Each structure stands twice: as C-alpha cells, then as structure tokens.
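Peer 1: Here is my input, please return the structure:
(one chain, ligands or ions: 1)
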Amino acid sequence: MLILASGSAIRRQLLQEAGVPITTHPVAVDEDALRHHAEQEGLSLRETALTLARAKARAASSAFPHHYILAADQLLDLEGTAFAKARTMEEARSHLLTLRGKTHALHTALTLWKDGQESWAHSESPRLTMRSFSPAFLDAYLHKEGTALLACVGCYRIEGMGIQLFHLIEGGHDAIAGLPLLPLLHALRERSILPS
Ligand SMILES: Nc1nc2c(ncn2[C@H]2C[C@H](O)[C@@H](COP(=O)(O)OP(=O)(O)OP(=O)(O)O)O2)c(=O)[nH]1
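Peer 2: Here you go, the predicted structure:
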C-alpha cells in the first residue's frame, strides 16, 4: 500500500481513478518557513517545491516504516514571484486579475521515500498563458466555482471551468493539478508497488 502524505483532494482522486491503492496521511509542515529558508539559500522555485515535498515525506516517514510514502508540492511562479493559495474569494479575484493576460509556471514536485530515504523524485513545470478575460466572465467564474478555488494554488480547476481562463497550455493537465501521473506510475511499477 502506498502512503499519500497529502491532504490534496485532487491528488487523492487522480491516484484512485488511476487504480493506485493508497492510504492518505496528511502532514503539517511549516511551508512558509521552508519557502523563506529556500529563498535565503538561493534555491529556484522549482527546487523549492521539491524541498517542500521532501519535508512532507520526511514528516510522514517515521509513522510508516517499511512503506513507500509519496509526497508532493506545487508552487505558482509568475515571472519569478511565488504565489500561495488564496485564503478568501476576494483574494482569489485579486490573484486571477494578477495572472490575467500573462504566462505563469506551476512547479510541481513529487518524491517517493522509504525508511527515511528518498527513493525517487520528479519535477516538472507546466506553463499556462491566461487570456485577458472580461470582468463579467470573472464574476461568473468565481460565482460558479466558489470556494473550491481556495484549494487550488492558481485559483482555477483546470478540469472544470478553469480551462476557459486560458488560451495556451504547455504541459499535462495531471501535472497542472499537482500530480504528473506517467512518471509516477513508472516509478511505482519499478518498485513493484504496481504490477508491470
Ligand atoms: N482540482 C485542482 N486542483 C489544483 C489545480 N491546480 C492546482 N491544484 C491544487 C493541487 C494541490 O492540492 C494544490 C497545490 O498546493 P500544495 O502542493 O501545497 O498541496 P496542498 O496544500 O493542497 O496539499 P499537501 O500540501 O500535499 O497536503 O493546488 C487544478 O487545476 N485543479
């Protein structure tokens, strides 16, 4: 059984729909402090996402000896500035207006750990170009999607109406949702967590 050290509903859903048996074990790490330390260390945002994923895996590791643990992290990068998740719908509105008409990257990192050691890691950075949507569209979008947007680092659900925000997407929808599946499934087969 794979331990998913994440509270992310979409990661759980993507794994379950892909037929990967998991047990979820969300962990609490101080992401703000870790992001600040990574910035002090001069890490790129992509390296920072991997550092946070590793911190989550480490936090879960002692509770599940001899099990593989999967942890992840995703950071939104707009021209070098990292965005955290919005806490309110007003913040979500502001967030989207800042992203409007621009290209941002989502640095998405995964790590597999076992017995306190990293066994595999992967990161990728899909790039998304948001169209210059109208104020009326934004109002309708926020009203329809509601507080589900607060669980998404970019205040959009690519699998939902969020797709209407974009006119160019470079990268897979699974990586955008925080879980690049194909490289992960290959790693799970290599470790006999999934059948070949
Ligand atoms: N449903 C959906 N979720 C998205 C999308 N884009 C990003 N997300 C979610 C995936 C993650 O749950 C979240 C990124 O934040 P984190 O990587 O810190 O994960 P989160 O705090 O949700 O859980 P975790 O830290 O793993 O316990 O944003 C999307 O297009 N659709």
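Peer 1: use CA for all of it now, contacts and neighbours both
Peer 2: Noted.
Peer 1: Please identify which helix or strand holds Thr23.
Peer 2: strand 22-24 (DSSP states H and E).
Peer 1: tell me which strands and helices the helix or strand just after that strand is in contact with?
Peer 2: Next helix or strand after strand 22-24 toward the C-terminus (DSSP H and E): helix 31-40. Contact here means 3 or more C-alpha pairs under 8 Å, 6 or more residues apart in numbering; DSSP states H and E; on that basis helix 31-40 packs against helix 45-61.
Peer 1: could you check whether the helix it packs on is close to the ligand?
Peer 2: No. On the criterion C-alpha under 6 Å from any ligand atom, helix 45-61 is out of touch with the ligand, staying 7.5 Å away.
Peer 1: and that helix, how far out from the chain's middle?
Peer 2: Relative to its chain's centre, helix 45-61 lies at 12 Å (C-alpha atoms, centre = their mean, to the nearest Å).
Peer 1: Between helix 31-40 and it, find me the angle.
Peer 2: 140 degrees (axes from the mean of the first three to the mean of the last three C-alpha atoms, to 10 degrees).
Peer 1: Would you mind writing the CA trace of the helix or strand that helix 45-61 is followed by as CSV?
Peer 2: Once the chain leaves helix 45-61, the next helix or strand it forms, by DSSP H and E, is strand 68-78. C-alpha atoms of strand 68-78 as CSV (Å, rounded to 0.1, in the frame of the first residue of the first chain):
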residue,chain,number,x,y,z
TYR,A,68,6.6,3.8,0.4
ILE,A,69,5.5,7.3,1.0
LEU,A,70,4.5,9.8,-1.8
ALA,A,71,4.6,13.5,-1.1
ALA,A,72,4.2,16.4,-3.4
ASP,A,73,4.3,20.2,-3.6
GLN,A,74,3.3,22.8,-6.1
LEU,A,75,4.3,26.4,-6.4
LEU,A,76,2.9,29.0,-8.8
ASP,A,77,5.6,31.2,-10.4
LEU,A,78,4.6,34.4,-12.1
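Peer 1: what's the model's confidence in strand 68-78, averaged?
Peer 2: Strand 68-78 carries an average pLDDT of 98.
Peer 1: Check Trp113 and give its pLDDT.
Peer 2: For Trp113, the pLDDT comes out at 97.
Peer 1: Can I take it that it is in a strand?
Peer 2: Yes. Counting by DSSP: H, G, I helix; E, B strand; the rest coil, Trp113 falls inside a strand.
Peer 1: residue contacts, it?
Peer 2: 57-58, 61, 68-70, 119-120 (C-alpha atoms under 8 Å, 6 or more residues apart in numbering).
Peer 1: ok, is the strand holding Thr23 in contact with the ligand or not?
Peer 2: No. With C-alpha under 6 Å from any ligand atom as the criterion, the ligand is not reached by strand 22-24; the gap is at least 9.7 Å.
Peer 1: Adjacent strands (with direction) for that strand?
Peer 2: strand 2-4 (parallel) (DSSP bridges).
Peer 1: Quick one: residues in contact with the strand it pairs with.
Peer 2: The contact list for strand 2-4, computed with C-alpha under 8 Å, 6+ apart, reads 12, 21-26, 67-71, 193.
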